[in-house]
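Colleague: 3D model of this:
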Amino acid sequence: KSFLKLVVKVREQIVADGLQPEDYDVTDVGAHLTAKDWNEAIEKHDPVVVDMRNHYESEIGHFKNAVIPDVDTFRESLDLIEEDLKDHKETKKLVMYCTGGIRCEKASAYYKHKGFKNVYQLEGGIINYAREVAAEGIENKFIGKNFVFDQRRAEKISDDIIASCHQ
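Modeller: Model (predicted):
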């Protein structure tokens, strides 16, 4: 049981990023990759893999060789990642992931607006990746646990223990 009670809050934006919708086309998002396509992309195409989550989420689980920004909020990550990857705008595939895909929807649109040519995202995030890996018998490339925002704190994706949860 993930949640004992449901709380619904109305917000201006689904993810607090400090950006205004008129600043970029929020519908022009990066291509979605299934778990199988994701594994192929990170193994064969030498992309820049970016974890769009906060540092405390990444510390307990991530994909190997991912760029992991040392940030506490999604808002902090956008400019930091853009600056770190500015030399790869046209030369490398930018493949990103997050917990459930929402942050990547916004981030991929933002980076495309900023001039990144080859932007991809893990469809449905780590949550969907784990489901597809299990259902289709695909090799799991995620190391550790996926941080979740309920009383479970984390869900096991692999047997690897790479850190302890802060909470």
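Colleague: Now do stretch 135-154, average pLDDT.
Modeller: What stretch 135-154 shows for mean pLDDT is 77.
Colleague: from memory residue 50 sits against residue 92, does it?
Modeller: No. Residue 50 is not in contact with residue 92 according to CB atoms under 8 Å; the separation is 10.8 Å. Just so you know, the C-beta spots here come from the backbone N, C-alpha and C atoms, and that holds for glycine as well.
Colleague: Now do the nearest residue to residue 73 once chain neighbours are set aside, the pLDDT please.
Modeller: Spatial nearest neighbour of residue 73, chain neighbours left out: residue 54 (6.5 Å); criterion: CB to CB, 6 or more residues apart in numbering. Per-residue confidence (pLDDT) for residue 54: 89.
Colleague: residues near residue 54, how many?
Modeller: Residue 54 has 21 neighbours, counted by other CB atoms under 10 Å.
Colleague: Likewise for residue 21?
Modeller: 11.
Colleague: Quick check on it: phi, psi?
Modeller: phi -60, psi -30 (degrees, to the nearest 10).
Colleague: all helices for the chain, in order.
Modeller: Using DSSP state H, the helices found in the chain span residues 35-44, 55-58, 74-84, 102-113, 125-136.
Colleague: Can you tell me which of those is most buried?
Modeller: Of all those, helix 102-113 carries the top mean neighbour count, a mean of 22, counting by mean count of other CB atoms under 10 Å.
Colleague: Among residue 50 and residue 92, which residue is more densely surrounded?
Modeller: Per other CB under 10 Å, whichever of residue 50 and residue 92 has more neighbours is residue 50, with 26 against 16.
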